[in-house]
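[1] this one's structure only:
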């Protein structure tokens, strides 16, 4: 895509097409809603990334946590004078800090599993589309069969068999997601494969590897990016659900789902905030990713381009 | 047609077979089979007796044969906690889950279709935009958190609805049902609504898209030109045509509802098989976990098989395409 930009001198003679990246950015930020969502998402990513630096206390440092401060309402002060803006949980942890740390865990598990699934699923999709024949039939059958089962069920089976742990949750999320990527990549690679530039590359006797990774893959990226964003939101939600059920991340790595689960028992005694605020954080994260993903889909879809 | 069904049937059998292999390997290789099969509180003599009884000293492929043979005879082990066959335990809990799933499905249709049709007919109106924004939220909101918030508002703060359990049930043909008593219905309402939210958003979107497409068709214009009343136009001419995709998708999604009821059942302490599996995982009641996995896989394979066959009857292209590959 950048090649066009490098030929500045020549492209000006024509009706001066906008560079693709600039056009993409213009289209993307056209809608106020998605610009807002993007800003929120950026903020969330920064908060998650720098959680240890930003949060007022380290909620998992026992020296900083006092049981005397447990279950305080939002806005109340600890006896050392610090304000708990979002209240404290059952163990006396500052809820704001716990949410920031939880956000960090949720985001990293979601993004990491998404990237691994993208690599694996993308590779299988490309292989299926490029080589076709028996290989394609086999891969796509497996994909079809897996997609016949709901994601939560596949995850449940794996977690029940593998047990708890960060690595196991990531494995489960990767297994759940790879099939979506494989199907997406295969779909667009099948279309791209018939185009002339692939034919040209084949005529130049380039290696399979080079054609697949340097020519085919970059042109399959747009739908992959869209699916990737939406799948990451899905993965974060699924991880929160599993953690809420108590079969996800262990207590040593508390994600937002686990925070919500911890607040469940206090909710029945009207202490709503322990579950409420982590849920809001989770909700904002998922909604902003979904909105950005939706806008990406509209902007990157060539059929909708003006 | 027959060839197609036979092929799909064979494929389904292969899937069930592979899943049994996966569960077996998961239980016997990844984990310690002694842990999996014996009550953690058993003493040494008991452990040795069980190892010999289950043939755990024999080679793996012979063990797998045993596992398959027992499973085919409906013997999936005995629950440690309840002291009864795991299979029977799960089948006892199944009606509660099915009742919840079907209630959610009905709610999704009854609320989703009118909202979707309205949003499609008046796509510029403020109400329609609110409906569509709501459906985006419905897709994004984590089910379990919405359930918690519902409990907080309607059970804790307002005290209108009970938060846990099934309430009073009526025995119909040996199956306990909640929705026939007022108390049971009040227990059912919140979990069913919670479970249906996601599907409701889906129905709203399908109904809206369908409506916007159908409204501009010639037969709608003709019907209007004929002077038919607006209500007849919507309820007969429009409804009939948008229902086909909605019904198709909902049929496919029923399985999803059953799977997702795991979450709703845990939140509302609904005594279905979803809650049973989560409890069993926590209590390390492994025979129940294995039995649940096998049953749910079998259930899904059967649902998918039925959907595939129905599809191929409705749309012969699916069948032909399958023949070619």
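    Good, I have the coordinates. This one's a predicted model, so the numbers in the text were calculated from it and none came from an experiment.
[2] Which helix in chain B has the most residues?
    As assigned by DSSP state H, the longest helix anywhere in chain B is helix B:86-121.
[3] Can you spell out which helices and strands pack onto that one?
    Applying 3 or more C-beta pairs under 8 Å, 6 or more residues apart in numbering or on different chains; DSSP states H and E, one finds that helix B:86-121 contacts helix B:126-140, strand B:175-177, helix B:182-214, helix B:239-268, helix B:273-282, helix B:286-314. Placement of C-beta: from N, CA and C, glycine included.
[4] ok, and what's touching whichever helix or strand comes after the first one?
    Beyond helix B:126-140 in the direction of the C-terminus, DSSP states H and E gives the next helix or strand as helix B:143-150. Contacting residues not belonging to helix B:143-150 are listed as A:240-241, A:244-245, A:257, A:260, A:263-264, A:267, A:275-276, A:279, A:282-283, B:190-191, B:193-195, B:197-198, B:260, B:263-264, B:266-268 [C-beta atoms under 8 Å, 6 or more residues apart in numbering or on different chains].
[5] Please enumerate the helices of the stretch 1-150 of chain A.
    Using DSSP state H, counting those that start in this stretch, the helices of the stretch 1-150 of chain A run over A:2-6, A:8-11, A:20-28, A:32-49, A:51-54, A:95-131, A:133-147.
[6] Report the separation between the spatially closest residue to residue B:87 that is not a sequence neighbour and residue B:58.
    Distance criterion C-beta to C-beta, 6 or more residues apart in numbering or on different chains; nearest residue to residue B:87, sequence neighbours excluded, is residue B:76 at 5.0 Å. For residue B:76, the distance to residue B:58 equals 19 Å [C-beta to C-beta, to the nearest Å].
[7] So if I had to pick from those two, which one is more boxed in?
    Comparing residue B:76 with residue B:58 by other C-beta atoms under 10 Å in any protein chain shown, the one with more neighbours is residue B:76, at 23 against 12.
[8] The more buried one reaches residue B:85, doesn't it?
    Yes. At 7.4 Å, residue B:76 and residue B:85 qualify as touching, with contact defined as C-beta atoms under 8 Å.
[9] For the host helix or strand of residue A:189, which helices and strands make contact with it?
    Here residue A:189, judged by DSSP H and E, is contained in helix A:166-193. In this structure, helix A:166-193 packs against helix A:95-131, helix A:133-147, helix A:151-162, helix A:217-244, with contacts taken as 3+ C-beta pairs under 8 Å, 6+ apart.
[10] Return the nearest residue of chain A with respect to chain B.
    Distances between chain A and chain B by C-beta to the nearest C-beta are smallest at residue A:161, namely 3.3 Å.
[11] related to what we said a few turns ago, what about the helices and strands packed on helix A:166-193, which gets the closest to residue A:290?
    helix A:217-244 (5.2 Å; C-beta to C-beta).
[12] average pLDDT for the helix holding residue A:189?
    For helix A:166-193, mean pLDDT is 89.
[13] in that helix, what's buried?
    Residues A:166, A:168-186, A:188-190, A:192-193 are the ones in helix A:166-193 that count as buried (16 or more other C-beta atoms under 10 Å in any protein chain shown).
[14] Tell me if residue B:231 really is in a helix.
    Yes. Residue B:231 sits within a helix when classified using DSSP: H, G, I helix; E, B strand; the rest coil.
[15] and the helix holding residue A:189, how far from the chain's centre?
    Distance of helix A:166-193 from the chain centroid (C-alpha atoms, centre = their mean, to the nearest Å) equals 13 Å.
[16] ok, then the element right after that helix?
    Of the helices and strands lying after helix A:166-193 in sequence (DSSP H and E), the nearest is helix A:196-203.
[17] Touching that following helix from outside, list them.
    A:192, A:210-211, A:215-216.
[18] Let's see the PyMOL selection covering just the buried ones among these.
    This is how PyMOL selects the buried members of the contacts of helix A:196-203, with burial counted by 16+ other C-beta under 10 Å:
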select buried, chain A and resi 192+211+215+216
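[19] sorry, back to before: avg pLDDT for the longest helix of chain B?
    For helix B:86-121, mean pLDDT rounds to 88.
[20] tell me the angle it makes with helix B:126-140.
    Following axes from the mean of the first three to the mean of the last three C-alpha atoms, to 10 degrees, one obtains 150 degrees for the angle between helix B:86-121 and helix B:126-140.
[21] Give the buried residues for helix B:86-121.
    Judged by neighbour count using 16+ other C-beta under 10 Å, the buried positions of helix B:86-121 are B:86-87, B:89-90, B:92-101, B:103-105, B:107-109, B:111-113, B:115-121.
[22] same deal with stretch A:27-38?
    For stretch A:27-38, burial by neighbour count (16+ other C-beta under 10 Å) applies to A:27-28, A:31, A:34, A:37-38.
[23] where does the stretch 101-250 of chain A dip in pLDDT?
    Within the stretch 101-250 of chain A, no range satisfies pLDDT under 70.
[24] need the residues of it near chain B, please.
    Counting by C-beta under 8 Å from any C-beta of the partner chain, the positions of the stretch 101-250 of chain A adjacent to chain B are A:137, A:141, A:145, A:148-150, A:152-153, A:156-157, A:159-163, A:233, A:237, A:240-241, A:244-247.
[25] would residue B:165 count as being in a strand?
    No. Secondary structure of residue B:165 (three-state DSSP): coil, not part of a strand.
[26] ok, it to residue B:155 distance?
    If you measure residue B:165 against residue B:155 using C-beta to C-beta, the figure is 12 Å.
[27] again, but for residue B:99
    20 Å.
[28] tell me the centre residue of the chain?
    Just so you know, I chose chain A. residue A:232 (2.2 Å; C-alpha atoms, centre = their mean).
[29] try again with chain B
    Centroid-nearest residue in chain B, with C-alpha atoms, centre = their mean: residue B:258, separated by 1.4 Å.
[30] right, and that residue touches residue B:98 too?
    Yes. Under the criterion of C-beta under 8 Å, residue B:258 makes contact with residue B:98 at 7.4 Å.
[31] so where's chain B shaky on pLDDT?
    In chain B (pLDDT under 70), the answer is B:27-42, B:53-57, B:167-176, B:178-180, B:314-325.
[32] Now the residue of it found nearest chain A. Nearest residue, chain neighbours left out?
    Taking C-beta to the nearest C-beta, chain A has its nearest neighbour within chain B at residue B:26, 3.3 Å off. Leaving out its chain neighbours, the residue that sits closest to residue B:26 by C-beta to C-beta, 6+ apart is residue A:161, at 3.3 Å.
[33] Show me chain B divided up by domain.
    B:2-72, B:87-324 (automatic domain parsing).
[34] Residue A:231: what's it in contact with?
    Counting by C-beta under 8 Å, 6+ apart, the residues that residue A:231 touches are A:114, A:117, A:177, A:180-181.
[35] Could you do residue B:217 as well?
    Contacts for residue B:217 (C-beta under 8 Å, 6+ apart) come out as residue B:241.
[36] separation between it and residue B:210?
    Residue B:217 sits 11 Å away from residue B:210, going by C-beta to C-beta.
[37] Common neighbours of these two, please.
    Counting by C-beta under 8 Å, 6+ apart, the shared contacts of residue B:217 and residue B:210 are residue B:241.
[38] Which residues of the stretch 101-250 of chain B lie near chain A?
    Within reach of chain A by C-beta under 8 Å from any C-beta, the stretch 101-250 of chain B has these residues: B:136-137, B:139-145, B:148-149, B:151-152, B:156-157, B:163.
[39] of the residues you listed, buried ones?
    Applying 16+ other C-beta under 10 Å to these flags B:137, B:139-145, B:148-149, B:151-152, B:163 as buried.
[40] Of the residues you listed, which pair is most distant in space?
    Greatest spatial distance in these: B:139 and B:163, 25.2 Å, computed using C-beta to C-beta.
[41] Redo the helices and strands packed on helix B:86-121 as JSON lines? Include distance to residue A:221.
    Below are the helices and strands packed on helix B:86-121 laid out as JSON lines (distance: least, C-beta to C-beta, whole Å):
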{"stretch": "helix B:126-140", "distance to residue A:221": "25"}
{"stretch": "strand B:175-177", "distance to residue A:221": "52"}
{"stretch": "helix B:182-214", "distance to residue A:221": "27"}
{"stretch": "helix B:239-268", "distance to residue A:221": "29"}
{"stretch": "helix B:273-282", "distance to residue A:221": "39"}
{"stretch": "helix B:286-314", "distance to residue A:221": "32"}
